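Enquirer: attaching a predicted model along with its sequence, questions to come.
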Amino acid sequence: MKKKVQSFFSLLGKSFLPAIAVMSLFALLLSIGAVLKNPYFIESVPFLGNQAIQFIATLLNESGLIVIKFMPLVFALSISTGLASKEDKGLAGLSALIGYLFMISISAVTISFLGLGLEPEIVVNDNNIVTISQTLDMRTSMQNMVLGLQTTDTGVLGGILVGIVAAWATKKFKNQKLPVIFSFYQGKNFPPIITGMIFIVVGVIIPFVWPILGGGIFSVAGIVTDIGVFGSFIFGLVERLLIPTGLHHVWYSIVHFTPVGGTLDIGGQVYTGTKAITTAALSNPDFQENISEITRLWLGQGATPIKVFGIPAACMALYAVAEDKNKAKTIAISAAMASMFAGVTEPFEFMFMFLAPGLFVIHAVLSGLSFAILDYFDASYLGSNNIIELFVNGFLQGHKSTWIPIVLVGLLMGVIYFLLFRWYILKFDVKVPGRIITSEEQNILVENEEPQSSKNKKISRDKDLIAKQVIKAVGGEGNIKDYTNCISRLRVYVKDPSKVSNMLLESIPESMGVVRPSEEEIHIVFGMKVDEYRQAVDLVLENS
């Protein structure tokens, strides 16, 4: 039971990724728009005040806000398709859409019928455009305007609930049989229908339940805030320690997208969670506040010194201690670039996580310290955790983001990472890539069905052959229940764990490591090229 729960939450964490990826990209576009609209920047470069440029800047700005505004729906679709099996993703997505629309619509009907609705703020601008905004009283009562309806504001938690239920309904009812008179609605037509019915009931209940739940979340937010610097340290530490399980996405999403991350009124609109707050702060040219109390648990604030400075320095240490410099250089550059420019750390961490668990714990502690130090000095950073946003949302937003402490802490972390990694690897003779490997590892050959020439004794790097070894290692095509990939891992779910060959798994070429969150779930780490290997598996299975 415990392993099944762990496997579910690991898959749930993975299902967050498409939504987070979408928001990250459009947040970057928003950042560019925010820079172009920045009055300080326009004052320095008057040409940017051109009407055409400002129109483009507004489009970029709004593109990020659109994703934030409809974040619950984005999460509902992302989670439902992420939890569903490969052949049922479209059906699960439709079920989630139906469920979300029913939930907010029926909630709106209940609020209106029972006279529970609170008066919103209505503004008509100079262009006769009507804007209906959420008031503070509405926020306290968990009401908001969604798709033109005044309904219960379940936020991202509601989207997560819809996504999980839609995926469950799809799996359970996709083959449902009904009496002949209702046969048109059976099979794959039934999951969206039953999901809609479920959320008719939910829509009636949530106007009474959600305000209580919302109060509880606000209480948790207060506790987290009161912990102070130690709380920031714990946040950064736990976020890193959860990397092997894949649950780190769930951990930081609670802060990014719920009241645990804080609430703030910006330009007459109340925003919830660090993601929405920092995005809105960037998009509003009049916003000048230091919001260090909110950004202290913002992943970009504490993680940027680690990802932009610390990890590249650690990769330099890996190269410095390597005996095979060419091999180490290729892997180190790839891992450093993924961390610096994409904020993706798994290619780096899986190089040593299982070879040197103590070093991974040190890495997690340093991550926690990064959060704590910046919190202690009241840093307020609005960017995400990569070098591009450090420039765009740090340097170019200097009046909003206190980016200098980020850089200073980053330089300090760079020195610490280089010295610690170099010392630890040499002290404990850690066999990271580029270091001497054992004779047993040198003799491992890839088992595949293709003939090999006598001179080809090295492991084949051909993706087709690697895909075949992956399939063979997990027990063959018939033993694969489902498979997918996240940013860096190919995730395979098997029917019978006893058919899995650990020896073949550990000898897969290009793999940076293997993780087993549960007996039925296998993560094969390929780094930033994981999508290519998943596509190779697709082709092998389609042609078999």
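Expert: Thanks, I have it.

Enquirer: just checking, what packs against the stretch of helix or strand residue 336 belongs to?
Expert: If you go by DSSP states H and E, residue 336 is part of helix 325-342. Helix 325-342 makes packing contacts with helix 311-321, helix 346-349, helix 387-392 when contacts are defined by 3 or more CB pairs under 8 Å, 6 or more residues apart in numbering; DSSP states H and E. Where C-beta positions appear, they are placed from N, C-alpha and C, glycine not excepted.

Enquirer: nearest to residue 334, out of the ones you listed?
Expert: Residue 334 lies closest to helix 346-349 among those, at 6.3 Å (CB to CB).

Enquirer: highest mean neighbour count out of the helices and strands packed on helix 325-342?
Expert: Of the helices and strands packed on helix 325-342, the one with the most neighbours on average (mean count of other CB atoms under 10 Å) is helix 346-349, at a mean of 26.

Enquirer: outside of that one, which residues touch it?
Expert: Contact with helix 346-349 is made by 243, 311, 314-315, 334-336, 338-339, 360, 363, 487-489, 512, 525, 527-528, as judged by CB atoms under 8 Å, 6 or more residues apart in numbering.

Enquirer: follow-up on the earlier one: the helices and strands packed on helix 325-342 into JSON lines, with extra columns for mean pLDDT?
Expert: What follows is the helices and strands packed on helix 325-342, written out as JSON lines (pLDDT from 0 to 100):
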{"stretch": "helix 311-321", "mean pLDDT": "94"}
{"stretch": "helix 346-349", "mean pLDDT": "80"}
{"stretch": "helix 387-392", "mean pLDDT": "84"}
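
Enquirer: in JSON lines, list those along with distance to residue 113.
Expert: Putting those into JSON lines (distance: least, CB to CB, whole Å) gives the following:
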{"stretch": "helix 311-321", "distance to residue 113": "55"}
{"stretch": "helix 346-349", "distance to residue 113": "50"}
{"stretch": "helix 387-392", "distance to residue 113": "46"}
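
Enquirer: nearest to residue 161, of those helices?
Expert: helix 346-349 (28.2 Å).

Enquirer: following that closest one, which helix or strand comes up?
Expert: helix 357-376.

Enquirer: which strands and helices lie in contact with that following helix?
Expert: With contacts defined as 3+ CB pairs under 8 Å, 6+ apart, helix 357-376 has these neighbours: helix 229-241, helix 299-304, helix 403-427.

Enquirer: ok, and what's touching that helix?
Expert: Contacts to helix 357-376, defined as CB under 8 Å, 6+ apart, come from residues 228-230, 232-241, 292, 296-297, 301-303, 305-306, 310, 314, 349, 352-353, 381, 405-406, 409, 413, 416-417, 420-421, 424-425, 428, 430.

Enquirer: quick one: mean pLDDT over that helix.
Expert: If you average the pLDDT over helix 357-376, you get 95.

Enquirer: mind listing what's buried in that helix?
Expert: 359-360, 362-364, 366-375 (16 or more other CB atoms under 10 Å).

Enquirer: buried subset of the contacts of helix 357-376 as a PyMOL selection?
Expert: Only the buried members of the contacts of helix 357-376 end up in this PyMOL selection, burial being decided by 16+ other CB under 10 Å:
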select buried, resi 232+233+234+235+236+237+238+239+240+241+292+296+297+301+302+303+305+306+310+314+349+352+353+381+405+406+409+413+416+417+420+421+424+425+430
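
Enquirer: now render the helices and strands packed on helix 357-376 as TSV, adding mean pLDDT.
Expert: Formatted as TSV, the helices and strands packed on helix 357-376 follow (pLDDT from 0 to 100):
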stretch	mean pLDDT
helix 229-241	90
helix 299-304	92
helix 403-427	95
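
Enquirer: with distance to residue 69 added, can I get the ones you listed in JSON lines?
Expert: Below are the helices and strands packed on helix 357-376 laid out as JSON lines (distance: least, CB to CB, whole Å):
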{"stretch": "helix 229-241", "distance to residue 69": "26"}
{"stretch": "helix 299-304", "distance to residue 69": "21"}
{"stretch": "helix 403-427", "distance to residue 69": "27"}
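
Enquirer: looking at those helices, which is nearest to residue 269?
Expert: helix 299-304 (21.6 Å).

Enquirer: who does the closest one touch, helix- and strand-wise?
Expert: helix 229-241, helix 248-257, helix 357-376, helix 403-427.

Enquirer: try it again at 7 Å.
Expert: helix 357-376 (3 or more CB pairs under 7 Å, 6 or more residues apart in numbering; DSSP states H and E).

Enquirer: got the angle between the helix it packs on and helix 229-241?
Expert: 140 degrees (axes from the mean of the first three to the mean of the last three CA atoms, to 10 degrees).

Enquirer: and helix 357-376, how far out from the chain's middle?
Expert: 20 Å (CA atoms, centre = their mean, to the nearest Å).

Enquirer: then stretch 344-361?
Expert: With CA atoms, centre = their mean as the basis, the mean position of stretch 344-361 lies at 19 Å from the chain mean.

Enquirer: okay, and the helix or strand of the protein with the least pLDDT?
Expert: helix 439-442 (a mean of 39; mean pLDDT, DSSP states H and E).

Enquirer: now the element after it, going C-ward?
Expert: helix 463-473.

Enquirer: report all helices and strands that the very next helix or strand once past that next one contacts.
Expert: Later in the chain than helix 463-473, the nearest helix or strand by DSSP H and E is strand 480-485. If contacts are counted by 3+ CB pairs under 7 Å, 6+ apart, strand 480-485 sits against strand 489-494, helix 530-543.
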